[in-house]
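Q: pasted the sequence and its predicted model underneath.
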Amino acid sequence: MKRASWQEYQKDIADDKYYYARSCIRQNFFPGSERAFLDILRNDLGRNVMDDPMHTSCTGIGYHSDVVPLETIMTVVARQFALMGEAGYENFISSCITSFGIYTEILNTWEEFPETEERTREYLYKATGRELVKPRSLAHTSDIVFHFRDEIARKAKRKLVNVYTGRPLRVVEHIGCHYAKIFPKKGIGGSEFPYVLAGMIESWGGEVVDYPERRHCCGFGFRQYLVQANRGYSIANTQKKLESMSPYKPDFIVANCPGCSMFLDKWQYAIAEMEGTTYGPDGQGIPVLTYEEMAGLVLGYDPWELGMQMHQVDVEPLLDKMGVEYDPAAKYLGRDGRYIGKPERAAVNNGCQRAIYDIKL
Amino acid sequence: MKPRVVIVGGGAAGMAAALRLESRGVEPVIVEREEVTGGKVRNWHKLFPTFTPAEEVLEPLCRGIVERGIECRTGVSVEAVSADGVVLAGGERVEADAVVVATGFTLFDAHRKQEYGYGIYDNVVTSADLEQMMNRGSVRLADGSAPRRIAILHCVGSRDEKVCQSHCSKVCCITGVKQAIELKKMFPEADVFNFYMDIRMFGPGYEELYREAQQSYNIHFVRGRISEASPTINGRIQIKAEDTLTGRPLKMSIDMLVLLVGMRANDDNASLAASAGLALAPNGFMQNKDPFTGAVRSQREGIFYAGAVTAPKSLADTLAEASMAADAVVDYLNADRR
Amino acid sequence: MRNIKFGYGISKPRAIDIDSNDLRKSNEILREMPELQTCIGCGSCTASCTAGNLTQFNFRRVHTLVRRGEYMGAYEEMNKCMLCGKCRLVCPRGINTRGLAMLIKRKLGDF
């Protein structure tokens, strides 16, 4: 895909010693991704990452749903930063896009309105006895993977290439709205032509697809999908994107936002069940990956260790195209080797459900 | 000895002022940054609202400068201005009895409105690009074919806080109407849509041309600003806007998107103002002494303005103001000598 | 595809899609009444409309939608017009708005 100079939108990304803040929902929907991030950074790249059990939700979902007031979320965020300081770190990285947006917005608010920072310090101290330490750098974890994309490419076991045709895989990248639409200068490549995921795809041999609704929101919202009555227009946004990208025959979608990955994956199931429509080739859905999963596959991780059996849309067609070796029988075995149960057949995976799972299990 | 006046800028304003000064017994010296005089009009095809070839207006000015032997220093920029002369890049000083600043404006860089994909998607062009395409006689899509549907977007780099250009560039609306008609004449089968926020037809014959564009050329005017342009699988461009008159979002694919780029203040206006003790308007253009009685005067006696250096102006207004500036200079010189 | 009760449907797009709209009727109307294209959306017709002051009928909006190829309901809307002719008196562009109401009814009876 063509783009103007993305170098105009750069930010300082720390090279090591990160304090890691997890996402609330990712461990349910893409449970292997955060673990894969830690493994890649620690084992493959030899970086120091603090995964602190003391930190909490940033309360962003509550904030965006009008149940958590601004003063409260500021104090919660201040506590996360205080924990980082206490642990001896100064580079804060967040796994969630909404959290990243919230941290960015709050740091900017403190800068523009210093009295809010003072008040937050006071609340934090009164509530927890902790001292606010502001991070030296703030980045989303996709920024970190982007930062190491060339190093990962050098260590790659596989490329984003179709092993049958030798052609680059066609990848749709989807960037969470709160990554750069609120503060375009805080995102690699800005908001209109973000380069954070595209840079990874290009470094690892894939081809980025530009399509009419590329910049459109997935429709997650917060109160939109939370309230059943609003889900009709939440899902319609994902449908609009899928309809728009489908003619380009993408091999997979990659997203950097917990909600977007979940929506783009799970709504394909709902749309297929409601209307019988699927958007991938041969009547199947389009696999949706997180950037950690994409990096993990490139680095030779086992797809089931990456948690890819938890996807709604089956990933096997993609794994086959990439030449990833996997044990079909192990798909629904947990980390401890025990059978974890198997989803019902779904319209979105028509033609993809292989009998072999049933034989082995 | 004739009094000498340095004119900074050899565009339409500078040349017209020079000719008028010369005919009133003053010796003008034009200093032009480019290698040739003529300014932005040189790259224009036809002028609104009469479709007069730009050449017809520019050529007599250029010819006059040559025939009357007016001194032109081209390819050299001015570093500092004062009432008694200018300092050129390199340090040379040109003495004068008065100075006319006619440095015009800068075209808004459409790359800055990233959402329209200028420089990224084929067939997204600016109004200035379109004039040059018309000059070359090659208005075609990138693949050489003729466009079937064209959108013209008003106010690109005008009335837009996001790019720090809050002013109206004044001439784009009528340019959009003119270019829509020109495109319709070239491609009668094509549908042309103008997307506007307000239509500002301030000059004589403009409103009439707007009406003609609608009624005789069937050009569609949609009140709504395009929010983004993106590529389609068959090489076209998808645009989104609100049709504000129906209160509904609207989308369509088009073959060509023309961005009516605005006029913005020159980057060096600030250093000019600082060097000469002049004032800047909030939009970065030079601030004249008074909008009614001192339109061509600056805050400094002996320094005058002509043309779009003080605000976006049409060519007609620029030429009228150039004469006015020359007359004001002569009055100043006469008063000085008395 | 099974019968799952999701409790919600998928909203249909609201956008006017010029690509999928059939503009033939709209073009026919504009050919018969080219001055309609000169409408500047001032709203005088709606402001003076006998029916529009008492119902949801918005003459300007309906004929603008018709120009964009959105015909659904236009005929029924035009039935609200009392043909009093006041809109034609006030139109600053001289559009025969009263005639337009008739024209839309003639062209779009089966949409």
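A: Nice, thanks for sending it over.
Q: what residues are up against residue 159?
A: No chain was given, so I picked chain A. Applying CB atoms under 8 Å, 6 or more residues apart in numbering or on different chains, one finds that A:K159 lies in contact with A:204-206, A:298. Placement of C-beta: from N, CA and C, glycine included.
Q: to clarify, I was referring to chain B.
A: Contacts of B:R159 (CB under 8 Å, 6+ apart): B:165-168, B:197.
Q: check B:D160 too.
A: Taking CB under 8 Å, 6+ apart, we find B:D160 in contact with B:113, B:166.
Q: could you redo the last one with a cut-off of 7 Å?
A: By CB atoms under 7 Å, 6 or more residues apart in numbering or on different chains, the contact list for B:D160 is empty.
Q: do the same with the one 5 residues further on
A: Taking CB under 7 Å, 6+ apart as the definition of contact, the neighbours of B:Q165 are B:108, B:157-158, B:262, B:264.
Q: where does it fall, phi/psi-wise?
A: Dihedral pair for B:Q165: phi -130, psi 90, per degrees, to the nearest 10.
Q: spatially nearest residue to it, not counting backbone neighbours?
A: Distances taken as CB to CB, 6 or more residues apart in numbering or on different chains place B:G157 nearest to B:Q165, at 5.2 Å, with adjacent residues excluded.
Q: return the distance of the helix or strand B:A18 falls within from the chain's centre.
A: Here B:A18 sits within helix B:12-23, counting by DSSP states H and E. Centroid separation between helix B:12-23 and its chain, computed with CA atoms, centre = their mean, to the nearest Å, is 18 Å.
Q: name the residues that touch it?
A: Defining contact as CB under 7 Å, 6+ apart, one finds that helix B:12-23 is touched by B:5, B:7, B:28, B:30, B:37, B:39, B:41, B:58, B:61-62, B:64-65, B:68, B:70, B:100, B:102, B:104, B:306-307, B:315, B:318-319, B:321-323, B:325-326, B:329.
Q: what residues of it count as buried?
A: Buried positions in helix B:12-23, judged by neighbour count with 16 or more other CB atoms under 10 Å in any protein chain shown: B:12-22.
Q: try stretch B:327-338
A: In stretch B:327-338, counting by 16+ other CB under 10 Å, buried: B:328-330, B:332-333.
Q: quick one: average confidence on that stretch?
A: The average pLDDT within stretch B:327-338 is 87.
Q: using PDB, write out the CA atom coordinates for that stretch.
A: What follows is stretch B:327-338, C-alpha atoms only, in PDB (Å, rounded to 0.1, in the frame of the first residue of the first chain):
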ATOM      1  CA  ASP B 327      -0.400  56.200  -6.600                       C
ATOM      2  CA  ALA B 328       0.100  56.100  -2.800                       C
ATOM      3  CA  VAL B 329       3.800  55.800  -3.300                       C
ATOM      4  CA  VAL B 330       3.800  58.800  -5.700                       C
ATOM      5  CA  ASP B 331       1.800  60.900  -3.200                       C
ATOM      6  CA  TYR B 332       4.300  60.000  -0.500                       C
ATOM      7  CA  LEU B 333       7.300  60.900  -2.700                       C
ATOM      8  CA  ASN B 334       5.700  64.200  -3.700                       C
ATOM      9  CA  ALA B 335       4.900  65.100  -0.100                       C
ATOM     10  CA  ASP B 336       8.400  64.200   0.900                       C
ATOM     11  CA  ARG B 337       9.900  66.500  -1.600                       C
ATOM     12  CA  ARG B 338       7.800  69.500  -0.800                       C
END
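Q: up against chain A, what does chain B have?
A: Neighbours of chain A within chain B, by CB under 7 Å from any CB of the partner chain: B:111, B:114-115, B:119-120, B:228, B:230-233, B:238.
Q: sorry, back to before: in helices, which of the contacts of helix B:12-23 appear?
A: Counting by DSSP state H, these place B:58, B:61-62, B:64-65, B:315, B:318-319, B:321-323, B:325-326, B:329 in helices.
Q: quick one: which of those residues is nearest to chain A?
A: The nearest member of those to chain A, counting by CB to the nearest CB, is B:L315 at 31.7 Å.
Q: and A:L138, which of the three is it?
A: Secondary structure, DSSP: H, G, I helix; E, B strand; the rest coil: A:L138 is strand.
Q: ok, the closest residue to it other than its chain neighbours - contacts?
A: With CB to CB, 6+ apart as the criterion, A:L138 has its nearest non-adjacent residue at 5.1 Å, and that residue is A:F92. Under the criterion of CB under 7 Å, 6+ apart, the neighbours of A:F92 are A:19, A:21, A:81, A:84, A:103, A:135, A:138.
Q: against chain C, how distant is A:A272?
A: Distance of A:A272 to chain C, given as CB to the nearest CB, to the nearest Å: 7 Å.
Q: what's the burial count for that residue?
A: Per other CB atoms under 10 Å in any protein chain shown, the neighbour tally for A:A272 reads 23.
Q: can you check B:E67 too?
A: The local packing of B:E67 (other CB under 10 Å) involves 10 other residues.
Q: next one: it from B:G9, what distance?
A: Going from B:E67 to B:G9 by CB to CB, to the nearest Å gives 21 Å.
Q: and B:R211, by the same measure?
A: Between B:R211 and B:G9 the computed distance is 36 Å (CB to CB).
Q: with A:P212 instead?
A: According to CB to CB, A:P212 and B:G9 sit 44 Å apart.
Q: again, but for B:S323
A: Distance, B:S323 to B:G9, by CB to CB: 16 Å.
Q: these two: which has the busier surroundings?
A: Comparing B:S323 with B:G9 by other CB under 10 Å, the one with more neighbours is B:G9, at 27 against 17.
Q: contacts only, for the most centrally placed residue in chain C.
A: By CA atoms, centre = their mean, chain C has its centre lying nearest to C:V62, at 2.2 Å. Neighbour list for C:V62: C:74, C:77 [criterion: CB under 7 Å, 6+ apart].
Q: what is the neighbour count of the nearest residue in space to A:P184 that is not next to it in sequence?
A: With CB to CB, 6+ apart as the criterion, A:P184 has its nearest non-adjacent residue at 4.1 Å, and that residue is A:S191. A:S191 sits with 20 neighbouring residues when counted by other CB under 10 Å.
Q: so which strand or helix has the residue of chain A positioned farthest from its centre?
A: Taking CA atoms, centre = their mean, the residue of chain A most remote from its mean C-alpha position is A:K126, at 34.8 Å. Element membership of A:K126, judged by DSSP H and E, is helix A:114-128.
Q: kind regards, and thank you for your time.
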